[in-house]
Every structure is written in C-alpha cells, then in structure tokens.
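> dropping the sequence and predicted coords here.
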Amino acid sequence: MVLVYSDDKKLTLELLNKGKELAKELNKKVIAVCIGHDSFAKEYLEHGADSVIAAETDLHDFKAEEYASILEKIVKENNNEVVLIGSNKNGKELAGRLAAKLDTGCVTDCINVHVKDKKIVTERVVYSGNAIAVEQFTSHPQIMTIPPKAFDPLPKKEGHKGEVVKKKFDFEKSPSKITKVQAMKTEGVSVEDAEIIVSCGRGFKNKDDIKLVRELADVLKGRTVGCSRPIAADLKWLSEDHWIGLSGHKVKPKLYIACGISGQIQHIAGMRDSGVVVAINKDPEALIFKSADYGIVGDLYQVIPKLTSAIKEKMG
Amino acid sequence: MNIIVCAKQVVDVSEIKVDSSTKKPILAGVPQKISDIDKNALEEAIKIKEKHGGKITVVTVGPSDAKERIKELLAMGADEGVLVVPPQNADYSVVSNILAGAIKKIGGYNIVLCGEASIDMFSGQMGPRVAGLLNIPQITYAQHISVEKDKVVSERNLGDKAVTIESPYPVLIAVTKEINQPRLPSLMQILASSSKPIHEWSANDVASGKLEPKIKTVDIKGVPMARKNVIFKDDLDQSVNQLVDELAKVGVLR
C-alpha cells in the first residue's frame, strides 16, 4: 500500500497523482490520510485515492510528535511500504520524526520519484542547487516528502467511490503547548502561483526604489514582486512572502526577471525552474547571468524604466 | 541549563565549482566549515548560558579532521566537544542514531539545539529524527527562544504564520538562520579554547546495532542548466528593444 498525507489539501491532491502512479507500477493501492476531520475524503477519492483513513482526534493544532505517532500507528496497521508526505514545514518535521520512530529511511524534498526494477528511485537537489542526489531505499517503509507543484493533481473523476474509514487511534501525547498563533506580516503575495515575477536584490539602494520593480511587474500584468534574501530577511524592505530562494519560496513562473540580484546559489535554488529568465545587473561577472536566458549589463536605475516603457509600448 | 548543540562539518557550498563537461560538482579540495545554521544554534546556546548559567557541549558526527572545526566552536563559547567518526556510507538514520546515542551518554541535558538543516544537503530531518529517537518534544524553525525555569517558550516561523509554543525540559529545538548573528571569537578566546576538552567516542560505543544505513546514494549528478545566456551589451536603448523583441518572440509577453 502507498500512503499519502499532507495537511494541505492541494498538496495532497498532487501527491495522490504520484502515489497512484507508484501504486500502479508496484501493484498496490493508494490510501489518503486525513487527521482530525474527513472533509476532503470525497475529493481525495475523486482524485486517485482508493480509500481514505480519517483519524478521529480532538487535536486542535499540529504537533509533529502527535501526528507522527498517529501516522506510525496507521502505517503499521496497514503495512504501508511507501509513504508520501507533503513537503511543507509541518510535513518535513513530521516525516523526519516518523522515520526515526519507524527506524527507516526518509528522503526529503524529492523533485522526482520513479520505479526502476520494482524499486523506488528518488532525486533531490543538494549542494545548494549544484547537484542532484539519486538515492534508493534499503529499508521499509520508504518515506518521501514531496514539495508543492512537483506534480500536477490528476483530473477529477466525478463520483469515484471508495471506502472512508473513520477511526480513533491511541497516540502519544506531547507535553508541549501551543499558546499563540499569529499571522506573519505579509502583503498577501503568493510568488509560488505567479506566472510572471520581477525580483529585486541588493542592487537597490533604497526601499523606495523598489517601486521601479513594481512598475515593471505591473506592465507585465504579472504584478508579482519577488526578492532575494537580503531584501526580506536582513533589510526587511519586503515581507517574507516575497522571498525567493533556498530558505524562502521556490518558484516556477514562465518569466522571471532578476534585477540587481547577484545570483548566489541559494537564490538560484529558488528560481531555477523558471521558464524564461532575464537578468539585469551592472556587474558583467555577476553569477546571475549564468542562470539567465537574457541579460542586460547596466545600471538598473536606467535599465528598468526603459524596459518598463518599451514593454508597455510593445503590449499596447 | 545544560545544553547540547549538534553541529555538522560541511563543504563550503559557495566554493563549489561545477565541472563544465560532466556538470557534476567538484567536491575535492573544497574548504570545510561548520554548517552556518548550526553556528546560529551554538550562538543561541551561548546567549542562554550567559543569562542562566550551565554548560554547553557540542557534538559533531564527522571525519577526524572535524576536530579542528570543534575547536572553533569551543572558542566561540562551548565548554566541551564530542567527536564521533561515523562508519562509511552513513545516512540520516545512522547519523541520527549516533547523535542520539552520544546525547544520552552526555546525559543530564535540558535543551538539544541544532540548525533547521545543514547547508550542504538541506534535508532538515536530523533534528526531528534525534528528537524522535530521544522521545522528547521538538520545536522546529525556531526564530525566538526564551528560557524560563520550568519551560522554554519559543516562536516558530512557518512562513505564513508564527506559532508560539511552550515545552517542558528536555526539548529539542531546531533554529532558523534569522534567529541571531553568530559571534566571532576573540584572540583570547581562541587561545583559551585549547585547554577545553574534546572527547572522541566510537560510533559502536554510542549506537551499537543501529549503524546500518536505510538509504544508499546511487549517484550525485549534475544539474542540467540549459539557459541561452544571451547578453545584450550594446547601447542601452538598443539592448532593451532587442530584449523586448526576444521576449515577445518566445511568447512570454502575453
């Protein structure tokens, strides 16, 4: 059996597609897990799950200790050989703890998973985006976490039915206590969903100058502004929802314009899957040009306004 | 407060060059250092010790030359070091079992601190694994820690929200890079660190029977990077127009 779990519904649907494919090759079934509710069970069945296990709990918050304990019970009971977990922050800490409890292997942030000679092969990006590690399991169950957008969800099969098992599990309680949940300061930007992103980096001298990037993003009808680490984490000129990179968001827009970004490998790791990449930088040696399709060597304070008006003209 | 910090020796990823024909990373000769975020973990431990007293022990699972790196951590402010050399082909399971075994052997701890992930492999599973093996609560992505007598209060950065969590001791906390700015040791501290002990333990001693890897690495392959690398260097107006024409041609201006 292949087990699929994420606390994010959209991500679960994406995992179900991969889960279904692996299950087919390994001649197994796919089970989706809901914890604390069964509200998405119908959708999971319509998007590839053969059955759904809904763990009934009175938990209000996610704690990795408790969720790992519930999944440990489910995996043991169903004899799952493959476990796919959504690679958001909760999913990653859950997968690691679960792997320790089950004394097994875990590969996080798989960008590719396939079956070769009836064995699972995983690929993930290592060394800050400079290489891909190809790995195989020598243990069972095989736990993998998969980041958002690595795979598309399967098309919906209206009315597809399957069993929904509601069940209580006796799990390990955590002595920790969540006392406050606060929305982080955001500007409501979702760089992961953007088709066009204009991004800014250390080449900008003042916070106000970021309006140049906004104006360019506006004429491109992308309207999404991104940034590299210093702008969000150190200078805090933009909220962290704009931050693109290894520790920030990973994006794959059809057009990515990097303005005044030097192109440190940590940043490249966040945008390397973009369709077309344009770089604007005054330093002809800047690393970003190596990761770009098109580049203009020049002062961004001159280049961006000209580019904005040229695009405006072109697009009418 | 007795604190154990897990620190990994890694290759300095910013120094990695890529072989232009195979596209594979060239790892030989790349300088080694302590993973950046593990230094944030140690800095946080030192801050806690400065306020509440106690002892800081750093544990490194790595090759014998990692001893040099441990000396840097002792100079920063750790009191003792422990080095365990892992068997060949050690994976996360093996290393986490060694770390958990070493932590148990050190004993008497209140907090285990580590970075959210190492900068070379960035898997992020070591903290949760060690917490799971020790059967203690875990707090990951910590961007703020405040230590009280019977509990620690920490704020986790989950990207869209910040979650404040309280835990009794012992607890494992994995910190983010943003939590602090690691200090640089003074010359006096560097000199004084040579008298601090570094214990060398064998993997079999601390984790016997748990040294079988669960994952094998089949290949470290290069990353295909098929970018056009067209750079417009002419007169600025001309360059901008050429760029816009190209973008229109490849169909991203719709």
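Okay, I see it.

> part of a helix, is B:I173?
No - under DSSP: H, G, I helix; E, B strand; the rest coil, B:I173 falls outside any helix and is assigned strand.

> following the lowest-mean-pLDDT helix or strand in chain B, which helix or strand shows up next?
Scoring the helices and strands of chain B by mean pLDDT, DSSP states H and E places strand B:17-18 at the bottom, with a mean of 82. Elements were assigned by DSSP states H and E; along the chain past strand B:17-18, the next helix or strand is strand B:25-26.

> what lies in contact with that next one?
The contact list for strand B:25-26 (C-beta atoms under 8 Å, 6 or more residues apart in numbering or on different chains) reads A:Y127, A:N130, A:A131, B:I16, B:K17, B:V18, B:D19, B:I220, B:G222. All C-beta atoms are positioned from the backbone trio N, CA, C, and that covers glycine.

> list the neighbouring strands of that strand plus their orientation.
Note on strand B:25-26: by DSSP bridges, its sheet partners are strand B:17-18 (antiparallel).

> off-centre distance for the strand it pairs with?
Offset of strand B:17-18 from its chain centre (C-alpha atoms, centre = their mean, to the nearest Å): 22 Å.

> with stretch B:193-212 instead?
19 Å.

> next one: stretch B:178-195
For stretch B:178-195, the distance to the chain centre is 18 Å (C-alpha atoms, centre = their mean).

> in stretch A:77-89, what's buried?
A:N78, A:N80, A:E81, A:V82, A:V83, A:L84, A:I85, A:G86, A:S87, A:N88, A:K89 (16 or more other C-beta atoms under 10 Å in any protein chain shown).

> in strands only, show me those.
Mapping the buried residues of stretch A:77-89 onto strands (DSSP state E) picks out A:V82, A:V83, A:L84, A:I85, A:G86.

> any figure for the gap between the closest residue to chain B within the stretch 101-250 of chain A and A:K306?
Using C-beta to the nearest C-beta, the closest approach of the stretch 101-250 of chain A to chain B is made by A:G105 at 3.2 Å. Separation of A:G105 from A:K306 (C-beta to C-beta, to the nearest Å) stands at 53 Å.

> now do A:V276
A:V276 is 19 Å from A:K306, by C-beta to C-beta.

> how about the helices in chain A?
Applying DSSP state H to chain A gives helices spanning A:9-26, A:41-46, A:64-78, A:89-101, A:211-219, A:229, A:265-271, A:300-315.

> least reliable of those helices going by mean pLDDT?
Confidence, taken as mean pLDDT, is least for helix A:265-271 of these (a mean of 86).

> what lies in contact with that helix?
With C-beta under 8 Å, 6+ apart, helix A:265-271 has contacts from A:125, A:128-130, A:197, A:199, A:201, A:226, A:228-229, A:244-251, A:256, A:258, A:261, A:277, A:287-288, A:291, B:13-14, B:16.

> switch to 7 Å and redo it
A:125, A:128-130, A:228-229, A:244-246, A:248-251, A:256, A:261, A:291, B:13-14 (C-beta atoms under 7 Å, 6 or more residues apart in numbering or on different chains).

> next one: stretch B:218-238
A:129-136, A:277, A:289-298, A:302-303, A:306, B:18, B:22-25, B:239, B:242-243.

> now list the buried members of these.
For these, a burial check counting by 16+ other C-beta under 10 Å picks out A:129-136, A:277, A:289, A:291-298, A:303, A:306, B:18, B:24-25, B:239, B:242-243.

> so what's the residue of the stretch 101-250 of chain A closest to chain B closest to, chain neighbours aside?
Beyond its immediate neighbours in the sequence, the residue positioned closest to A:G105 (C-beta to C-beta, 6 or more residues apart in numbering or on different chains) is B:K214, lying 3.2 Å away.

> any figure for the gap between the closest residue to A:A49 other than its chain neighbours and A:H114?
Spatial nearest neighbour of A:A49, excluding adjacent residues (C-beta to C-beta, 6+ apart): A:A32 at 4.0 Å. From A:A32 across to A:H114, the span is 21 Å (C-beta to C-beta).

> tell me which of these two has more neighbours.
Per other C-beta atoms under 10 Å in any protein chain shown, whichever of A:A32 and A:H114 has more neighbours is A:A32, with 30 against 13.

> assign the most centrally placed residue in chain B to helix, strand or coil.
In chain B, the residue lying closest to the centroid (C-alpha atoms, centre = their mean) is B:S118, at 3.3 Å. With three-state DSSP as the basis, B:S118 sits in coil.

> and A:E163, how many neighbours does it have?
12.

> could you report the neighbour count for A:L15?
Using other C-beta under 10 Å: A:L15 sits among 33 other residues.

> circling back to that earlier point, tell me which of the contacts of stretch B:218-238 fall in strands.
In this view, these that belong to strands under DSSP E are A:131-136, A:277, A:294-297, B:18, B:25.

> as TSV, these with distance to A:H47 would be great.
Converted to TSV, the ones in strands among the contacts of stretch B:218-238 look like this (distance: C-beta to C-beta, whole Å):
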residue	distance to A:H47
A:A131	33
A:I132	28
A:A133	30
A:V134	29
A:E135	28
A:Q136	28
A:V277	32
A:Y294	38
A:G295	41
A:I296	44
A:V297	47
B:V18	39
B:P25	38
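
> could I have stretch A:180-191 exported to CSV, CA atoms only?
Extracted in CSV, the C-alpha atoms of stretch A:180-191 (Å, rounded to 0.1, in the frame of the first residue of the first chain):
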residue,chain,number,x,y,z
LYS,A,180,-0.3,31.7,20.3
VAL,A,181,-0.7,31.6,16.5
GLN,A,182,-0.1,34.9,14.8
ALA,A,183,-0.3,35.7,11.1
MET,A,184,3.1,36.8,9.9
LYS,A,185,3.4,40.2,8.4
THR,A,186,2.6,39.6,4.8
GLU,A,187,1.5,41.6,1.8
GLY,A,188,-0.7,38.7,0.6
VAL,A,189,1.8,37.8,-2.2
SER,A,190,1.8,34.2,-3.5
VAL,A,191,5.0,34.0,-5.5
